[in-house]
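>>> Need a 3D model of the following:
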Amino acid sequence: MEKYYVSTRDKNKKVSAKQAILEGISSDGGLYVWPMLDQVKIDLHKICEQSYLENAWMILKELLHDFSDEELRDCIQKAYGSSFSVPEITPIRKVGDVYVLELFHGPTSAFKDVALTLLPQLMSCALKTADSKALILTATSGDTGKAALEGFKDVENIGICVFYPDQKVSLIQYRQMATQQGNNVKVYAVEGNFDDAQTKVKELFLDKELAEKSQKEHVLLTSANSINIGRLVPQIVYYFESYKTLVNKGVIQLGEKISFSVPTGNFGDVLAGYYAYLMGLPVEKFYVASNANHVLTDFLTTGIYDRKRDFIQTISPSMDILISSNLERLLYYMSDKDTEFVKGCMEDLNTKGSYQIPEEMLKKIQSLFGCAYLDDEKTCQVIRETYENEKVVLDPHSAIGYAVAHKAKERPIVSLATASPYKFSQDVLHALDRSFSDELQAMHTLHDLWSDPIPKGLAQLEELPILHKEVITIEEMKEVVEKAMEELV
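I've put the predicted structure just below:
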């Protein structure tokens, strides 16, 4: 079985798993995929008998082929051994007739922690054979930035630059990033929205001048976004883990299908579920849950992806995205790995702002993927009704996923809760018609209503000074990256 990753836009562009993780994005602009993924079948019996760490090793060793067993075990232990506040890592809570998968018990209270505690370990391991240093460039719509900063802070031979849209993240997300400590971290607010920042980061990876400087300085430019395969594959594990939980609780018998509802903007989280499906996870349906920026809902309904629309700032900022990068990987597998087709779609998106897939492919996608979206008003209604009816508090992103799961006909269904409600205390309290004075006091007010403790990392924000205050333009991003490369050397 061939063990090389290829670009979604050129099947002849082949790299090892370690190379794919270090590069982040292919030199042709494509994303790295493993063509043989759908030939792997994970043993569900073993999954249901093993711990999270054991399952992570069993799954990842099938995907990261040039990491030794010892290297993988060491990376996994460092990532999950003591970083999460609950032993299950990703526990499930039954809310009504929906099983809510809580992905926010890591150091920054967001689902990104599951991958971004592991990616730095994988990258650091890969760098040992590369004779180089690495500079992480990451655009964030809110949660990825803090999780990446926390994961990579003070990691030897690695620097990180995070770019977030100025005034377009929650106040807690802002404070999490602006107070970040670490000798190797740089945080910049960028004038524009997330798509502007993400598009520029992709351009910088393909910039010839930066590439020459990178070679000269022996500094690899790479990403911690889910465009990096090392960010994506750790998320596969919690889909299998949720299945294990339902089997062991007697909700389903081994081999029965379950469904998932996933709040997503960049399509990475639900794509990880699709990867699990390709590897043998019994899935009936994936529901792609969107906010008012419902470009994915429209695509899954019509087969037309059109980013030419107004950007809407919502109370679920991590989903405020119009260019869903990971959809490119779905197109690769759904087109029977036709890299020329994917390349054509991406060229159309870049030049025309849209592309359309064939009707036959759309039907194939729709047979596995459903979709729906909620605007802010309906999201607030769901938060309020869930608290009133179930005495459970959901953050705005998780509320969208829960609402879509609640209305779906498939059962059992698992809804992914992607962030702690304390990260969005103000919006949650507003939805619950409660008053508060400021963002930090809002967390304490919410705690009066909700028995779950305020996560340690959020509780500490009150005491931490603002360290990163710089606001830059999109055009200035290249300049600060060049400077960061020089400082890393």
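>>> need the helices for the stretch 351-489 of the chain, in chain order.
Assigned helices in the stretch 351-489 of the chain, in chain order: 359-366, 376-390, 396-407, 425-431, 439-449, 456-459, 477-488 (criterion: DSSP state H, counting those that start in this stretch).
>>> Contacts for the fourth one, please.
So the one you mean is helix 425-431. For helix 425-431, contacts defined as CB atoms under 8 Å, 6 or more residues apart in numbering pick out 170-172, 315, 379-381, 383-384, 393-396, 421, 435-436, 439, 442-443, 445-446. No exception for glycine: its C-beta is placed from N, CA and C like everyone else's.
>>> Now, of those residues, which are buried?
Neighbour-count burial (16 or more other CB atoms under 10 Å) is assigned, among the contacts of helix 425-431, to 170-172, 315, 379-380, 383-384, 393-396, 421, 436, 439, 442-443, 445-446.
>>> Surely residue 461 touches residue 442?
No. Residue 461 lies out of contact with residue 442 (CB atoms under 8 Å); the separation is 11.7 Å.
>>> one step back: need the helices of the stretch 351-489 of the chain in CSV (columns: distance to residue 188 and mean pLDDT).
Shown next, in CSV, are the helices of the stretch 351-489 of the chain (distance: least, CB to CB, whole Å; pLDDT from 0 to 100):
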stretch, distance to residue 188, mean pLDDT
helix 359-366, 36, 98
helix 376-390, 27, 98
helix 396-407, 24, 98
helix 425-431, 24, 96
helix 439-449, 21, 92
helix 456-459, 21, 93
helix 477-488, 6, 94
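>>> Deepest-packed of those helices, please.
Comparing the helices of the stretch 351-489 of the chain by mean neighbour count (mean count of other CB atoms under 10 Å), helix 396-407 ranks first with a mean of 27.
>>> Look at residue 336 and give its secondary structure.
Three-state call for residue 336 (DSSP: H, G, I helix; E, B strand; the rest coil): coil.
>>> nearest to residue 321, of the helices of the stretch 351-489 of the chain?
Closest approach to residue 321 among these is made by helix 396-407 (12.0 Å; CB to CB).
>>> From residue 304, how far out is the spatially closest residue to residue 343 that is not a sequence neighbour?
With CB to CB, 6 or more residues apart in numbering as the criterion, residue 343 has its nearest non-adjacent residue at 4.0 Å, and that residue is residue 9. In this view, residue 9 and residue 304 are 20 Å apart by CB to CB, to the nearest Å.
>>> more neighbours, the two?
Each of residue 9 and residue 304 has its neighbours counted (other CB atoms under 10 Å); residue 9 has more, 22 against 13.
>>> tell me the phi and psi of that one?
Main-chain dihedrals, residue 9, degrees, to the nearest 10: phi -110, psi 0.
>>> contacting residues around it?
So residue 9 contacts 26, 28, 29, 30, 339, 342, 343, 346 (CB under 8 Å, 6+ apart).
>>> Toward the C-terminus, what is the element adjacent to the helix or strand hosting residue 289?
Following DSSP states H and E, the helix or strand that holds residue 289 is strand 283-290. Proceeding N to C from strand 283-290, the next assigned helix or strand is helix 295-302, under DSSP H and E.
>>> Just the C-alpha atoms of that following helix, please, in CSV.
Provided in CSV are the C-alpha atoms of helix 295-302 (Å, rounded to 0.1, in the frame of the first residue of the first chain):
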residue,chain,number,x,y,z
VAL,A,295,-22.1,29.2,2.1
LEU,A,296,-21.9,25.5,3.0
THR,A,297,-25.6,25.1,3.3
ASP,A,298,-26.1,26.6,-0.2
PHE,A,299,-23.4,24.4,-1.6
LEU,A,300,-24.7,21.2,-0.2
THR,A,301,-28.2,22.2,-1.4
THR,A,302,-27.4,23.4,-4.9
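>>> Which helix or strand contains the closest residue to residue 194 other than its chain neighbours?
Spatial nearest neighbour of residue 194, chain neighbours left out: residue 141 (4.1 Å); criterion: CB to CB, 6+ apart. Per DSSP H and E: residue 141 is located in neither a helix nor a strand.
>>> how much space between residue 141 and residue 398?
To residue 398, residue 141 is 16 Å away according to CB to CB.
>>> Please apply the same query to residue 57.
Taken as CB to CB, the span from residue 57 to residue 398 is 28 Å.
>>> secondary structure element for residue 160?
For residue 160, the host element (DSSP H and E) is strand 158-165.
>>> Strand partners (parallel or antiparallel) of that strand?
strand 133-139 (parallel), strand 185-190 (parallel) (DSSP bridges).
>>> could you say what helices and strands the helix or strand just after it packs with?
Using DSSP H and E, the next helix or strand after strand 158-165 towards the C-terminus is helix 171-178. Secondary-structure packing of helix 171-178 (3 or more CB pairs under 8 Å, 6 or more residues apart in numbering; DSSP states H and E): helix 143-152, strand 158-165, helix 439-449, helix 456-459.
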